[in-house]
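> This is a predicted model, with the sequence first.
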Amino acid sequence: MKGYPKNIATKADLEFLLADPEFKDRALRDLKKVVDLADDTVKKVKSYDLDAAGQMINVVTEDVPAPSPKWKQLGFASRKKASDLHAAVVAVSVVEEPIAEAEGRI
């Protein structure tokens, strides 16, 4: 792979990007977007009326569970699992920075 991919298709893609120091920050931001995306429900039309022009009026909707939120498309078992991965990578980054400073790498 050359450069950062246009599309991240799987959990494994994210894990490889998070392991690469060159792409880690960007992959963390992309993972955070997945965690923060509010796509657990979708609106389903229950009923509606048509006016004389054939336009829908008096639309009644309900929220139903989304069949395929982004975290599920990527292969995570739950949004919590994606959030846990993000938190773990951030925690490791916070620990590594002081060590690098002490060794004079930063």
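Nice, thanks for sending it over. Residues are numbered from 1 along each chain as shown.
> buried sites along stretch 67-86?
Of the residues in stretch 67-86, 69, 70, 71, 72, 74, 76, 79, 82, 83, 85, 86 count as buried by neighbour count, 16 or more other Cβ atoms under 10 Å. Just so you know, the C-beta spots here come from the backbone N, C-alpha and C atoms, and that holds for glycine as well.
> residue boundaries of the helices in this protein?
Secondary structure of the chain by DSSP state H: the helices cover 11-19, 24-36, 70-74, 79-102.
> Residue 47: which of the ones you listed is closest?
Nearest to residue 47 among the helices of the chain is helix 70-74; the distance by Cβ to Cβ comes to 28.8 Å.
> In contact with the residue nearest to the spatial centre of the chain, which residues?
Centroid check for the chain by Cα atoms, centre = their mean gives residue 34 as the closest residue, at 1.1 Å. By Cβ atoms under 8 Å, 6 or more residues apart in numbering, the residues touching residue 34 are 70, 71, 74, 82.
> Distance check, residue 66 against residue 75.
Residue 66 is 16 Å from residue 75, where distance means Cβ to Cβ, to the nearest Å.
> What of residue 44?
From residue 44 to residue 75 the distance is 26 Å (Cβ to Cβ).
> re earlier: from the buried residues of stretch 67-86, which is closest to residue 26?
residue 86 (13.2 Å).
> in the protein, what spans have low per-residue confidence?
Along the chain, segments meeting pLDDT under 70 span 1, 94-106.
> Neighbours of residue 14, how many?
When neighbours are counted by other Cβ atoms under 10 Å, residue 14 registers 23.
> I meant to write residue 2 there.
4.
> do the one 4 residues further on as well
Residue 6 has 5 neighbouring residues, counting by other Cβ under 10 Å.
> one step back: residue 12: which of the buried residues of stretch 67-86 is nearest?
residue 74 (9.2 Å).
> hmm, what's the outermost residue in the chain?
For the chain, the residue at maximal distance from the C-alpha centroid (Cα atoms, centre = their mean) is residue 52, at 42.8 Å.
> residue contacts, residue 50?
56, 57.
> Just grab the bridge partners of it for me.
residue 56 (DSSP bridges).
> Next: residue 62.
Legend: beta-bridge partners of residue 62 under DSSP bridges are residue 44.
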